[in-house]
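Colleague: only geometry, no sequence info:
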């Protein structure tokens, strides 16, 4: 296979150039494959495959992820399924947990190991969309001869990482194709589709983790959903990675308690009026629930009607 031989020689040449690894994420991955994982580009190898029991355990650990991603996988597959593409959802270790593919393409994808229960880490099969996206923690396109193994240069992959409710790497979603005519323009479109799907899955995971909280969208121009989970006291309970980066949040600051209004630069009341404003808002909510019936509102608050009237007068509530 002259093409495979040429590719292997090219990988060796580039990977041994420190300057190339410093300037190119692909070259850096090739160098990791050789120096860290002891792989050789001319090897013909399939991805590691989990045993049935190991695979079931991996799926059980990722039960929430699978549940929140299922709808997005189905939606995305309706978009790419007829284009000769395979869709994989993996955990943070590159284990393929869920797969979508057309029956007519199954033989090709099974032949290269794009199947449930396989491990697409860099340690397993060298530079590839899933493994490299997980290591670099960013969206990647690995197009044909950008793969490390010569046996994988027929593949093209677009992959995006998925983060959990604390902003930590949790999974990856990948579109792969074996088509010879897969162009860079096509892969750019697939990359955008997979990034959008990853963002929606990440948002699903966040909303599920903070099901009882108010979810606030942070208006930022940044990749990934920028969401805050806020309790009834306006304190931030959690934040997605994009929100953390934009607002300078970390676990320690969230645990210490920070008002969402402070983070979002909402205008603070003048003259130390925060407590009256909070009391006024609380009374308005109760009166709204009782359709303005003061007697019912007083009962809900556990105070007398006269006391409630006095509070309403003091707070200028009609």
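Modeller: Happy to help now that I have it. Just so it is clear, the structure is predicted and the values come from calculations on it, not from any experiment.

Colleague: wait, doesn't residue 210 sit right on residue 237?
Modeller: Yes - assessed by Cβ atoms under 8 Å, residue 210 is found in contact with residue 237 at 5.8 Å. (Glycine included, C-beta is placed from N, CA and C.)

Colleague: need the residues touching each of these two.
Modeller: Overlap between the contact sets of residue 210 and residue 237, as judged by Cβ atoms under 8 Å, 6 or more residues apart in numbering, is given by residue 229.

Colleague: list the buried residues for the lowest-mean-pLDDT helix or strand in the chain?
Modeller: Least confident element among the helices and strands of the chain, by mean pLDDT, DSSP states H and E: helix 274-289 (a mean of 75). Using 16 or more other Cβ atoms under 10 Å as the test for burial, helix 274-289 gives 280, 283, 286, 287.

Colleague: how about the second one: what's its closest non-neighbour residue?
Modeller: Read it as residue 283. Spatial nearest neighbour of residue 283, chain neighbours left out: residue 317 (6.0 Å); criterion: Cβ to Cβ, 6 or more residues apart in numbering.

Colleague: spit out the contact partners of that neighbour.
Modeller: 280, 283, 284, 287, 311.

Colleague: before we move on, what SS does it have?
Modeller: Assigned with DSSP: H, G, I helix; E, B strand; the rest coil, residue 317 falls in the coil class.

Colleague: now do the same for it: its pLDDT.
Modeller: Residue 317 is assigned 80 on the pLDDT scale.

Colleague: one more: residue 222?
Modeller: Note on residue 222: pLDDT of 65.

Colleague: nearest to residue 194 among the contacts of residue 317?
Modeller: Residue 194 has its nearest neighbour among the contacts of residue 317 in residue 284, at 44.9 Å by Cβ to Cβ.

Colleague: residues contacting that closest one?
Modeller: Residue 284 neighbours (Cβ under 8 Å, 6+ apart): residue 317.

Colleague: and what of the one 5 residues further on?
Modeller: Under the criterion of Cβ under 8 Å, 6+ apart, the contact partners of residue 289 comprise 297, 300.

Colleague: picking up where we left off before, residue 284 versus the residue nearest to residue 283, what's the distance?
Modeller: As for residue 317, its distance to residue 284 is 7 Å (criterion: Cβ to Cβ, to the nearest Å).

Colleague: ok, residue 118 next?
Modeller: Distance from residue 118 to residue 284, by Cβ to Cβ: 57 Å.

Colleague: tell me which stretches of the stretch 51-200 of the chain form strands.
Modeller: Taking DSSP state E, counting those that start in this stretch, the strands of the stretch 51-200 of the chain run over residues 85-91, 96-100, 118-119, 140-143, 156-163, 169-177.
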